[in-house]
Structure formats: structure tokens, C-alpha cells
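[1] My questions are about this predicted structure, shown below with the sequence.
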Amino acid sequence: LRRALDHRALVLQNRAYRDVLENRQSDADVGTLPERLEAHEREIIERALSDANGRVSEAAAKLGVPRNTLYDRMTRLRVVAKSFRT
């Protein structure tokens, strides 16, 4: 039973990775390099904010950047921390 549950977890994880990979490949064909880099940066920041429950100081620590730098990047990318609070 444990092996079956472990196998199921791996199947689900594999499916999630495939979805992410498909999204990245489809995004790679759209836009210029700076636009794609900006989209990737936005995704990283949004993931860090989501993990930190919208707390910018925690997200900045996780990303290894100063809080003010993260605020500047969020402003440039139009990312609002409050939308990640639960």
C-alpha cells in the first residue's frame, strides 16, 4: 500500500512538472527576450510572495535580495503583495 501511494505521488508530481514545462515552452515562443525575462522574474517573485503569505520581507529573504530592491522590482512589474495574503 505504501509503494502504491508513493507511486501515485510520483505520478502526480510528474504530471505537475509536465504542465509547468509545457507552459514554459509555449511562453518561450512569445515575445522578445526582455519580455520573457520579465515574465519569468514576475513568476519567481509571485511564487516567493505566495510562499511568504504576502510578506515582502520574508519573500526578499527567501530570494536573497534586499527588501527595497524587491519593492522596486514589484513596482516595475506591477505586483501587489496584498493580493498574496490569505
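    Yes, it's here.

[2] By residue count, which helix of the chain is the longest?
    Assignment by DSSP state H gives helix 2-28 as the longest helix of the chain.

[3] Let me see the mean pLDDT of that helix.
    The pLDDT scores in helix 2-28 average 82.

[4] helices and strands around it, which ones?
    Helices and strands touching helix 2-28, by 3 or more CB pairs under 8 Å, 6 or more residues apart in numbering; DSSP states H and E, are helix 33-51. To be clear about C-beta, it is placed using only N, CA and C from the backbone, and glycine gets the same treatment.

[5] where's the helix it packs on relative to the chain centroid, distance-wise?
    With CA atoms, centre = their mean, to the nearest Å as the basis, helix 33-51 stands 6 Å off its chain's centre.

[6] name the helices or strands packed onto that helix?
    Against helix 33-51 (3+ CB pairs under 8 Å, 6+ apart) you get helix 2-28, helix 56-63, helix 67-77.

[7] Pull up the gap between the residue nearest the centre of the chain and Leu5, please.
    With distances taken as CA atoms, centre = their mean, Arg47 lies nearest the centre of the chain, 3.2 Å away. Using CB to CB, to the nearest Å, Arg47 is found at 27 Å from Leu5.

[8] Equivalent analysis for Arg67, please.
    41 Å.

[9] Same check on Ala59?
    For Ala59, the distance to Leu5 (CB to CB) stands at 33 Å.

[10] Looking at those two, which has the bigger crowd around it?
    Higher neighbour count among Ala59 and Leu5: Ala59, with 25 against 9, using other CB atoms under 10 Å.

[11] how far does stretch 46-63 stretch from start to finish?
    11 Å (CA to CA, to the nearest Å).

[12] Name the residues that touch it?
    44-45, 66-67, 69-71, 74, 79, 81-86 (CB atoms under 8 Å, 6 or more residues apart in numbering).
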